[in-house]
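S.K.: Fold the following and give me the result.
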Amino acid sequence: MTNYLGRQWDDLQPAGGESGQAYFATNHEGKFFLKRNSTPFLAVLSAEGFVPRLKWTQRLENGDVITAQKWANGHLFTHEEMTSPRVIDMMQRIHTSRALNILLKKIDAHVMYPNDWLTHVKTDMADVLSLHPQIKQALRYLESNQTLVASAMTAVVCHGDVNHNNWLLSDEDELFLVDWDGAVLSDVSVDLSMLLYRYIPKENWSNWLETYGMSMTPLLQVKLKWYMLCNVILTIKTKHNSGRLNEMNKWLIKLEKVLNDEEL
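M.R.: Coordinates of the predicted model:
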């Protein structure tokens, strides 16, 4: 028996992750996922059914907040499962959620416009990356199309990391999108570009978008490529800065594919 937060736990184990702030916990009330200083709009995400149910929150003396979510048994989506129509439905509901939009604006009123993304991409980039031919080509594309992309932007709540490892299908057939720490107010293409380039064959993009509620246009094609290039370069920077050079090289190959208008 372990005492944590003034509660008795039969089992308390670190949940992994880079922050070291999350735990799996079990007691007489059930099994929970505990996290320190989770996203402040977790309650709304829970109420809207986007994440497992929030059971309680507790503020510590130092100001930190612990959240406890009901543990959902299930499995993370595979690459193949990302083609499910349920993914489209979930994204459409997230991007049109008025409650999420209002709350995120209260928490962080800053909207990420294309110029902000471009600044984020360029800031603190190592010379070895800024001189790389594919990255130089990608930066030229971002710079030359920034004004065009900015002219057609509507800010919505974007998850920011919709890879298959963040999609959880519970044993009760409930679909959740977890890990909202990177949520941002920006263009829907932030999320849609990741989904389309990584999981949907290019010949199916138009049908996928039609189901989502959009039409493929030349402008949308530019936007999808623009935001995907940002995402890939930011990932390359992260891999380089953490010394994971083999992974970085794999993402450089992905960058070349995006530049050549190929899905990943």
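S.K.: where does the stretch 101-250 of the chain have low pLDDT?
M.R.: Along the stretch 101-250 of the chain, the model assigns pLDDT under 70 to residues 109.
S.K.: which residues in it form strands?
M.R.: Applying DSSP state E, counting those that start in this stretch to the stretch 101-250 of the chain gives strands spanning 156-158, 167-170, 175-177, 184-186.
S.K.: okay if I get these as CSV plus mean neighbour count and distance to L224?
M.R.: (Each C-beta comes from the backbone N, C-alpha and C, glycine too.) Shown next, in CSV, are the strands of the stretch 101-250 of the chain (neighbours: other C-beta atoms under 10 Å; distance: least, C-beta to C-beta, whole Å):
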stretch, mean neighbour count, distance to L224
strand 156-158, 24, 13
strand 167-170, 18, 20
strand 175-177, 19, 20
strand 184-186, 21, 13
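S.K.: between those strands, which one is nearest to N101?
M.R.: strand 156-158 (5.4 Å; C-beta to C-beta).
S.K.: And that closest one, how far out from the chain middle?
M.R.: Put simply, strand 156-158 sits 10 Å off its chain's centre (C-alpha atoms, centre = their mean, to the nearest Å).
S.K.: which residues are in contact with that strand?
M.R.: 94-97, 100-101, 104, 183-188, 190-191 (C-beta atoms under 8 Å, 6 or more residues apart in numbering).
S.K.: what are the pairing partners of it, and which direction each?
M.R.: Sheet pairing for strand 156-158, assigned by DSSP bridges, gives strand 184-186 (antiparallel).
S.K.: how about the strands of the stretch 101-250 of the chain in a markdown table, adding distance to P133?
M.R.: Shown next, in a markdown table, are the strands of the stretch 101-250 of the chain (distance: least, C-beta to C-beta, whole Å):
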| stretch | distance to P133 |
| --- | --- |
| strand 156-158 | 30 |
| strand 167-170 | 34 |
| strand 175-177 | 36 |
| strand 184-186 | 28 |
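S.K.: The residue lying closest to L192 once chain neighbours are set aside: neighbouring residues, count only.
M.R.: The spatially closest residue to L192, leaving aside those adjacent along the chain, is L224, at 6.5 Å (C-beta to C-beta, 6 or more residues apart in numbering). By other C-beta atoms under 10 Å, 24 other residues sit near L224.
S.K.: Now do the contacts for L224.
M.R.: So L224 contacts 189, 192-193, 196-197 (C-beta under 8 Å, 6+ apart).
S.K.: closest one to T147 among the strands of the stretch 101-250 of the chain?
M.R.: Closest of the strands of the stretch 101-250 of the chain to T147 is strand 184-186, at 16.6 Å (criterion: C-beta to C-beta).
S.K.: contact partners of the closest one?
M.R.: Here strand 184-186 has contacts from 101, 104-105, 108, 110-113, 117, 153, 155-158, 160, 190, using C-beta under 8 Å, 6+ apart.
S.K.: circling back: show me which of the contacts of strand 156-158 are buried.
M.R.: For these, a burial check counting by 16 or more other C-beta atoms under 10 Å picks out 94-95, 97, 100-101, 104, 183-188, 190-191.
S.K.: Quick check: E29 vs A72, distance?
M.R.: 15 Å (C-beta to C-beta, to the nearest Å).
S.K.: G182 is in contact with H159, isn't it?
M.R.: Yes: G182 lies in contact with H159 (C-beta atoms under 8 Å); the separation is 7.2 Å.
S.K.: The two: who's more crowded?
M.R.: The neighbour comparison of G182 against H159 (other C-beta under 10 Å) goes to H159, with 24 against 13.
S.K.: Report the beta-bridge partner residues of the nearest residue to W71 once chain neighbours are set aside.
M.R.: Closest residue to W71 apart from its sequence neighbours, by C-beta to C-beta, 6+ apart: K31 at 3.7 Å. Taking DSSP bridges as the rule, K31 bridges to T26.
S.K.: just W56 next, same as before
M.R.: A68.
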